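Visitor: coords please:
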Amino acid sequence: MTWFVTPWGGDVSGVASARRTYPRRDGLLVVLRDAEGTLGFGEATPLPGFGDDDLERARAELVSSALPEAVDDPEAVLAGFRSPSARFAVETALLDRLARRRGVALSTLLGAQALGAPRSVLVGALLDDGFLDAARAALQRGARALKLKALGRELGEESRRLGELRRALGPEIELRLDLNGGLDAARAREALGVYARHGVALCEEPAAGAELLELGREATPWLADESALDPELFARFVAHPGCSGVVLKPSPIGGIERTLARARALRAAGKHALVSHAFEGPVALAAAAEVALAAGGALGHGVDRHAALAAFPTLELPQLPEGAPLSIVRPPMAGLGLTLEGPWTSSG
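Guide: Numbers count the residues shown, from 1 in each chain. Reported below is the predicted structural model:
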């Protein structure tokens, strides 16, 4: 088995959280090729400031002897990784190859029962000048669940804009907000009360860390996101009656099976498990879509094309077709269904 680790990425615009912008997205494409020529693709593109991973850490692990020529025990291989994104990349490549050899989609290999799943669309920031036009454009694409970044500090203005959205889009469109952990518990509670007046369906990460545990069943349901990367906090969110669920990003969590194990724990507790991305490239996004299909659930997963894809080679993502209603679909091709040209395609 031969491994290829290739840098990829570049400059981007329009990629931001509620508190930070990202002028570049850089990562590593990981490709394995077995003796029969079957390929498997993975990607390590850690998001700066999200968790404790970084690109140099991932690179150091991926170019080391941790990538074996034979993989008799994948779990033993993965046990050697400490970088979550590097572990995710290698696991994705291993599973992509295995699914290709079996002639099934990766989501089928993971046990997905459904052929499709709903998806939500990130349309930008609530306080951006073009927020209403961006929301209308998402609706024209077929979106029925829209997510916007918010701050929770200018509640009068945010309330006014949410009112505009409701009047323009109608009551049937689901609105979500993401505060990226920017408030303390008291201010988060106040913001959730304001958002509820406009029928906001859920709010991601209204506070950070243990502050979230001070919230109860608030007027707007809330989900943990980056705070739940900590395994101890994740377990507390699962047990916390006020928490409606957790956003699951496979790369910072450290892998596909780890993500699905968390999804199962959330479902068993009667909570939502929403799969999303961390502004990675197309391989990681395709993998997140396959994980979303396996995770299931009635709410739309946060897996959609995003602005950071401009930093990477343009690939057809069969999991994310356009058309109303926007959804994630099981591709007819095996594995991730992706084609990338490179030295790994040589017969030599």
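
Visitor: domains for the protein, by residue range?
Guide: What automatic domain parsing lists as the domains of the chain is 2-104+339-345, 116-329.

Visitor: hey, least reliable of those by pLDDT?
Guide: Confidence, taken as mean pLDDT, is least for domain 2-104+339-345 of these (a mean of 91).

Visitor: so how far is the first residue of it from its last?
Guide: Start to finish, the residues bounding domain 2-104+339-345 are 12 Å apart (C-alpha to C-alpha, to the nearest Å).

Visitor: For burial, what's the neighbour tally of the nearest residue to residue 26 once chain neighbours are set aside?
Guide: Computed as C-beta to C-beta, 6 or more residues apart in numbering, the closest residue to residue 26 that is not its neighbour in sequence is residue 9, at 3.5 Å. C-betas here are computed from N, CA, C, even on glycine. Residue 9: 18 surrounding residues under other C-beta atoms under 10 Å.

Visitor: Same check on residue 268?
Guide: As a measure of burial, residue 268 has 9 neighbours, counting by other C-beta under 10 Å.

Visitor: Next: the one 4 residues further on.
Guide: The burial metric for residue 272, expressed as a neighbour count using other C-beta under 10 Å, is 20.

Visitor: Okay, and the beta partners of it?
Guide: Note on residue 272: beta-bridge partners residue 245, judged by DSSP bridges.

Visitor: these two touch, right, it and residue 296?
Guide: No. Contact status for residue 272 versus residue 296: not in contact, 10.8 Å apart, counting by C-beta atoms under 8 Å.

Visitor: re the thing from before, am I right that the residue nearest to residue 26 is in contact with residue 27?
Guide: Yes. In this structure, residue 9 sits in contact with residue 27. The criterion is C-beta under 8 Å, and the distance is 5.3 Å.

Visitor: what's the overlap in contacts for those two?
Guide: Shared contacts of residue 9 and residue 27, defined by C-beta atoms under 8 Å, 6 or more residues apart in numbering, comprise 45, 281, 312.

Visitor: Go ahead and confirm the last one touches residue 11.
Guide: Just to be clear, that refers to residue 312. No. Here residue 312 does not reach residue 11: they are 11.4 Å apart, not a contact under C-beta under 8 Å.

Visitor: neighbour-wise, which of the two wins?
Guide: Higher neighbour count among residue 312 and residue 11: residue 312, with 23 against 10, using other C-beta under 10 Å.

Visitor: Contacts only, for that one.
Guide: Going by C-beta under 8 Å, 6+ apart, the list of residues near residue 312 reads 8, 9, 10, 25, 27, 281, 282.
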